[in-house]
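Trainee: Test case, fold it:
(3 chains)
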Amino acid sequence: MTQDPLLTGLAALAAEPPEGLLDRIAARWVRVPGPIGELAVAYTDQGVAYVHAGEGFTEAYRERFGRPLMPAARPPAGLLPALRTGRLGALRLDLRGMSDFQREVLEVVRTIPRGEVRPYAYIASRIGRPTAVRAVGTALGRNPVPLLIPCHRVTRSDGVVGEYVFGAAAKERLLLAEGVDLDRVRTLAGERVFYLASDTTGVVCFPTCHNARRITPAHRHGFRSVAQARDAGYRPCRTCRPASQAGA
DNA sequence: CGCATGGCCCTTA
DNA sequence: TTAAGGGCCATGC
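Mentor: Take a look at the predicted model:
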């Protein structure tokens, strides 16, 4: 009907988007096995953007991101190992659209090793906002990539496991599967012990820090606060950095 | 020591 | 624009 080059150009666009364009706009998604059952995972050319458990994945994705979704043939490289080992490896994440606060929280949480836990208040201190403790909880409740950014490893200061996007029961199962001795954490908490120190190294740790777990019982000392441990002559562990603030 | 309570700060409706 | 409330925490009986 017309030979208008603009129209033919547009028609070509509609029929066959240029390579890469679609991936910038849309996300792909796959179903994969995870440690707590089947997961739906969405990813873009930037990396994994969303991890969802249970029903209603596409609805939840669209409500939250409002972008088109296309099924993918296979999971992105590195996703399955990351879910299996609890370590990201080279897997990239797409965290665009998060607030600065949320990104800072997630960056710290990301560094908590498998098999260990840290309190919400610790995350708040690490990002330099020691009183924004509840806001940290809110941010983790909105973690778009649970399991990959291990928000299940953030627990309450009083030794209680606390809430979780996929439910408190799932959080507890995950931690046990990763080797966290929750019974011991709870026993210590009952004695008001939230830090463990070694009188051979002079270092004080969070109880689940791998350094704390190797302390011989005879040389182990429990403390209620880092301040008390300091007064007793201990210095904070450089690995788990108890009571450390941003920069400190 | 278990529970209640005020405090805090970011996000959402 | 504002107000309400949440994956919490430290106190005070």
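Trainee: and chain A, which residues reach DNA strand C?
Mentor: Contact residues, chain A versus DNA strand C (CB under 7 Å from any atom of the strand): A:119-121, A:133-138, A:140-141, A:143, A:146, A:151-152, A:154, A:156-158, A:160, A:162-165, A:171. Heads up, the C-betas are built off the backbone N, CA and C, glycines and all.
Trainee: and the residues you listed, which of them are in helices?
Mentor: Secondary structure from DSSP state H places A:120-121, A:133-138, A:140-141, A:171 of the residues of chain A next to DNA strand C in helices.
Trainee: By neighbour count, which of those residues wins?
Mentor: Among these, the one with the most neighbours (other CB atoms under 10 Å) is A:Val136, at 27 neighbours.
Trainee: Identify the bridge partners of A:Ala53.
Mentor: Here A:Ala53 sits in beta bridges with A:Leu39, going by DSSP bridges.
Trainee: I misspoke; the intended subject was A:Thr44.
Mentor: A:Gly47.
Trainee: okay, now it: neighbour count?
Mentor: A count of nearby residues for A:Thr44, using other CB under 10 Å, gives 20.
Trainee: tally of neighbours for A:Phe194?
Mentor: With other CB under 10 Å as criterion, A:Phe194 counts 22.
Trainee: Let me see the contact set for A:Ala229.
Mentor: Shown in contact with A:Ala229 (CB atoms under 8 Å, 6 or more residues apart in numbering): A:195, A:197, A:204, A:221, A:223, A:236.
Trainee: can you rerun that using 10 Å?
Mentor: A:Ala229 makes contacts with A:194-197, A:202-205, A:221-223, A:235-236, A:242-243, as judged by CB atoms under 10 Å, 6 or more residues apart in numbering.
Trainee: buried ones in stretch A:92-104?
Mentor: Residues of stretch A:92-104 classed as buried: A:93-95, A:98, A:102, A:104 (neighbour count, 16 or more other CB atoms under 10 Å).
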